[in-house]
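Asks: Generate a structure from the sequence data that follows.
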Amino acid sequence: MNLQEIKDFLKSIKNTDIEEMQYQSGDSSLYFKKTDVEPVISIAKESALEKEEEKEEEKKQTFIAVKSTMVGTFSSAQSSDGALFAKEGDVITVGQKIGQIEAMKIIKDVNSEIKGKIVEVFISNGQSVEYGQKLFLVDTSK
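Replies: Alright, predicted model coming up:
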């Protein structure tokens, strides 16, 4: 449970006859006991937690995965000895061809729908791919 979930839970049991409760999930456990004293949460600690959560959220939003739109075999180059369409570290633009997927002798280009820098390649040349499988991770913050 995160801090907000704990706060919401405490508010929901405030006006009930529940006096004690123990919550356990995996390795984590929490114990609640109702008293007449209002809980005091350090504002500095709360604000630090909120800032940390915001940074995590921003980080998640700047990294976007390019996913496969079909089932088939991925090609990272036009030919076996040709240059790669895209590799880790490349800056890509919208509409740029970054790979191909072949299924039943039909080849479909994988074009970027976002602009950014490729930070990770999840797939290798000649590997089978599934619909929705991650192919590239792109940092869109640059």
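
Asks: rest of the way, CA atoms for contacts and neighbours
Replies: Fine.

Asks: The chain: strands as residue ranges?
Replies: 20-25, 28-33, 63-67, 72-75, 91-92, 97-103, 106-111, 116-121, 128-129, 134-139 (DSSP state E).

Asks: what about Ile92, neighbour count?
Replies: Counted with other CA atoms under 10 Å, residues neighbouring Ile92 total 21.

Asks: For it, give the beta-bridge partners.
Replies: Ile92 has these beta-bridge partners by DSSP bridges: Gly116.

Asks: contacting residues for it?
Replies: Residues near Ile92 by CA atoms under 8 Å, 6 or more residues apart in numbering: 86, 112, 114-118.

Asks: Next: Leu10.
Replies: With CA under 8 Å, 6+ apart, Leu10 has no contacts at all.

Asks: residues touching the residue nearest to Thr93 when sequence neighbours are not counted, list them.
Replies: Counting by CA to CA, 6 or more residues apart in numbering, Thr93 lies nearest to Lys115, which is 4.4 Å off, once chain neighbours are set aside. By CA under 8 Å, 6+ apart, the residues touching Lys115 are 91-94, 140.
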